[in-house]
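Q: sequence and predicted structure, then a few things I'm wondering about:
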Amino acid sequence: MEPPQSEMLLLLMVLEALWTGGNTFETHIIGGRDAVPHSRPYMVSLQKSGCHQCGGVLLHQNWVLTAAHCLTQPTQQLRLVLGLHVLGEPSLTYRIRKMVLHPEYKPAPHLENDLALLKLDGKVKPSKTILPLALPQGRQVVATGTRCSLAGWGLTHQPGQMARVLQELDLRVLDIRMCNNSRFWHGDISPHMICLAADSKGQAPCKGDSGGPVVCRRGQVAGILSFSSKNCTDIFKPPVAVAVAPYTPWIKKVLRHNGPLPHLDPPEVALIPCSKEHPAAGQPGAQMYEGTNKP
Ligand SMILES: *[C@@H]1O[C@H](CO)[C@@H](O)[C@H](O)[C@H]1NC(C)=O
Ligand SMILES: *[C@@H]1O[C@H](CO)[C@@H](O)[C@H](O)[C@H]1NC(C)=O
């Protein structure tokens, strides 16, 4: 059976990227670049014992959106670090007051509705280095071909270590039907997901980048990075994000029903070095769910 022409075209674009995309630059995210310090003041690092686990995005004075699969530890053991550029440097650190997983979150292997809202133990005072990102307008999932970017402190090589400096990467949205077909994610993609691809092979988010925001329109969070393959740069298993737009009614409802807190505990400053418990290499706790896939 012949695949429809649009699918074929996108497949060719992907293959072209594979063939022509030799990246000669030093690779980060994998294949990303250093972010301008504090140019993404909404970025959050979800940490356990000073070790980066996942990304997240500040949505409001006291709410963070991340991937539900990042929350496998009791929340008492987790911290949210805001205003951070270089991992391990002291920055404002909050405890988690409340965790709300999406009511229809399905954990692996059928990872779906992979979203969670975390309420900070205190309110953020907006500043140049800490500022919420807005929810998308409308309910539409971003269209095929849209240019987006994401940022994270995830692995810069495989095997390898977490990035020290926040990395960012440009991507575009792939056709969802192609992404769901037997050569790619083979039926694992739901309509509320976004498949992404960088411009060249050897560029991809990796372990430790999940939970971080995908930004397609300036000032709005379009997606939350959810899963990819074990080999992060496998072009037939492109990274997948949860589209935020279809979930905005749920997010707004949670934020509304859990109104602002009185300002209680002053935030701590993170001083626990990650290397105390885990040798810096690898930071084995970091989350990026590796999608199940049948050959
Ligand atoms: C992907 O394929 C599966 C299995 O055929 C299907 O249930 C799902 O709805 C498809 N996703 C999209 C976005 O069409
Ligand atoms: C990962 O996938 C890429 C692209 O398909 C391939 O070139 C590379 O050899 C793979 N790496 C490993 C460790 O399997």
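A: Received, thanks. Ligands and ions are numbered 1, 2, ... in the order given.
Q: going forward, measure contacts and count neighbours with C-alpha atoms only.
A: Noted.
Q: so how far is Ser49 from Val86?
A: 17 Å (CA to CA, to the nearest Å).
Q: show me what from this protein comes close to ligand 2.
A: For the chain, the residues in contact with ligand 2 (CA under 6 Å from any ligand atom) are Asn231, Thr233, Asp234, Ile235.
Q: give me the buried subset of these.
A: The neighbour count (16 or more other CA atoms under 10 Å) marks Thr233, Asp234, Ile235 as buried among the residues of the chain next to ligand 2.
Q: lowest-confidence member of those residues, which is it?
A: By pLDDT, Ile235 ranks lowest within these, coming in at 92.
Q: from Ala197, how far off is it?
A: From Ile235 across to Ala197, the span is 8 Å (CA to CA).
Q: cool, Ala108 as well?
A: Ala108 sits at a distance of 22 Å from Ala197 (criterion: CA to CA).
Q: which one of these two is surrounded by more residues?
A: In this view Ala108 and Ala197 are compared by other CA atoms under 10 Å, and Ala197 has more residues nearby, 27 against 14.
Q: what bridges to the more buried one?
A: Arg172 (DSSP bridges).
Q: who are the contact partners of Lys237?
A: Listed by CA atoms under 8 Å, 6 or more residues apart in numbering, the contact partners of Lys237 are Phe184, Trp185, Ser228, Ser229.
Q: if we take the residues you listed, which one ends up nearest to Gln220?
A: When these are compared for distance to Gln220 (CA to CA), Ser228 comes out closest, at 22.7 Å.
Q: that closest one against Pro239, yeah?
A: Yes - between Ser228 and Pro239 a contact is recorded at 4.4 Å, counting by CA atoms under 8 Å.
Q: contacts only, for the residue in the stretch 101-250 of the chain that ligand 1 sits nearest to.
A: Distance from ligand 1 to each residue of the stretch 101-250 of the chain (CA to the nearest ligand atom) is smallest for Gly187, at 3.3 Å. Residues counted as contacts of Gly187 (CA under 8 Å, 6+ apart) are Asn180, Asn181.
Q: what does the one 4 residues further on give?
A: For Pro191, the contacting residues are Ile176, taking CA under 8 Å, 6+ apart as the criterion.
Q: and it, that one's in a strand?
A: No - counting by DSSP: H, G, I helix; E, B strand; the rest coil, Pro191 is located in no strand; its state is coil.
Q: hang on, Gly145 packs against Ile194?
A: No - under the criterion of CA under 8 Å, Gly145 lies out of contact with Ile194, with a separation of 11.0 Å.
Q: who has more neighbours, the two?
A: Per other CA under 10 Å, whichever of Gly145 and Ile194 has more neighbours is Ile194, with 30 against 14.
Q: my guess is that one meets Arg177, correct?
A: No - the criterion here is CA under 8 Å, and Ile194 misses it with Arg177 at 10.7 Å.
Q: separation between Gln220 and Gly211?
A: For Gln220, the distance to Gly211 - CA to CA - is 15 Å.
Q: likewise for Pro205?
A: Distance of Pro205 to Gly211, given as CA to CA: 11 Å.
Q: could you do Ala134 as well?
A: Spatial separation of Ala134 from Gly211 under the definition CA to CA is 16 Å.
Q: among the two, which residue is more densely surrounded?
A: Here Ala134 and Gly211 are compared on neighbour count by other CA under 10 Å; more neighbours surround Gly211, at 33 against 16.
Q: and that one, that one's in a helix?
A: No - secondary structure assignment places Gly211 outside any helix; it is coil (three-state DSSP).
Q: enumerate every residue touching it.
A: Gly211 neighbours (CA under 8 Å, 6+ apart): Cys54, Gly55, Gly56, Val57, Leu65, Thr66, Ala67, Ala68, Cys70, Ile224, Leu225, Ser226.
Q: give me the nearest residue to Gly152, chain neighbours excluded.
A: Asp209 (4.9 Å; CA to CA, 6 or more residues apart in numbering).
Q: so which residues on the stretch 151-295 of the chain come close to ligand 1?
A: Of all the residues in the stretch 151-295 of the chain, those in contact range of ligand 1 (CA under 6 Å from any ligand atom) are Ile176, Arg177, Asn180, Gly187, Asp188, Ile189, Ser190, Pro191.
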